[in-house]
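1. Pasting a predicted model and its sequence here:
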Amino acid sequence: MKSKQHPGLKWLGRVVFVLLVLVSLALIFNEQIKSWLVSSYSPTVTTKTVKQNAKKKSDFNFSKVKSLDFQTVAKARMNKNAINVIGSIAIPSVDLYLPIGNGVSNETLALAAGTMKADQKMGQGNYALAGHHMIKHGALFSPLYYKSKVGQMIYISDAKKIYAYKTSQRTFIKATDVQVIDDVPGQKLITLITCDKTGAGRLMIRGKYVQQWAFKTAPDHVQKAFTSHFNNKY
């Protein structure tokens, strides 16, 4: 005589099966899900929010920065209000459009470019930004690695003004070459830092200040760059 399976065991078996399927799918589509979590982050950047966020305490300890794994990105999305957005960066020639967060916390760098020095100001000194390099070529600072060239224009904005820089240098440096973000007397610069393909070195993009505009007086194509979707186009 055939023994009947206990309903509870049958239900448990189905739950375990579903969980195994979900875990398997998560492992298979890990990069795709991670890229979506990054690309779908689109904060509002206004003069009011920039002013408020600039006053908040931010983390500038780069030694705490972790590699960009799925858990880090998921945590950042769940804690997106911890990202103090103070502006945005646009490099139309490489399709890079990102919010700028104050500091380099893991949450900030998971979804935005981060300022590397406290109290740095757009259009002054050496404005330094860090960003992650992902497998997806269009995410975060990845376009810098694959598409950047000397001569390209870099724009940053605090929603009140737009600042224009022209790329003057593209070079690979050691991770220990931290002096590249220091101010250079008499020069207005922007320095963008991301990892190289190995993760051990760094790619540095440097631009020289060209000019600035009040947001609404900037050329139409420049204003349009700041109405593009953040985190590039997938």
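-> Yes, it's here. Worth saying up front: this structure is predicted, and the values here are computed from it rather than measured.

2. Tell me where the model's unsure across the protein.
-> With pLDDT under 70 as the threshold, the chain has low-confidence stretches at 1-31, 228, 231-234.

3. rerun at 90
-> Along the chain, the parts satisfying pLDDT under 90 run over 1-44, 62-82, 119, 133-139, 196-200, 227-234.

4. What segments of it are helices?
-> Counting by DSSP state H, the chain has helices at residues 7-28, 30-39, 47-54, 70-78, 106-111, 142-147, 220-225.

5. Okay, buried residues for the third one please.
-> For helix 47-54, the buried set under the neighbour-count rule, 16 or more other CB atoms under 10 Å, comprises 50, 53-54. Any C-beta I mention is one placed from the backbone N, CA and C, and that applies to glycine too.

6. what's next to that helix, contact-wise?
-> 43, 84-87, 102, 158-160 (CB atoms under 8 Å, 6 or more residues apart in numbering).

7. returning to what we had before: from the buried residues of helix 47-54, pick the one nearest I154.
-> Distances from the buried residues of helix 47-54 to I154 were compared by CB to CB; the smallest belongs to V50, at 18.7 Å.

8. any idea how far F215 is from that closest one?
-> Computed with CB to CB, to the nearest Å, the distance linking V50 and F215 is 11 Å.

9. what's the answer for S67, then?
-> From S67 over to F215 the distance is 36 Å, taken as CB to CB.

10. Show me which of those two is the more surrounded one.
-> F215 (15 against 9; other CB atoms under 10 Å).

11. Tell me who's in contact with that one.
-> The neighbours of F215, taking CB under 8 Å, 6+ apart as the test, are 157, 159-162, 223, 226.

12. Is I156 in contact with Y163, as I believe?
-> Yes - I156 is within contact range of Y163, at 5.1 Å (criterion: CB atoms under 8 Å).
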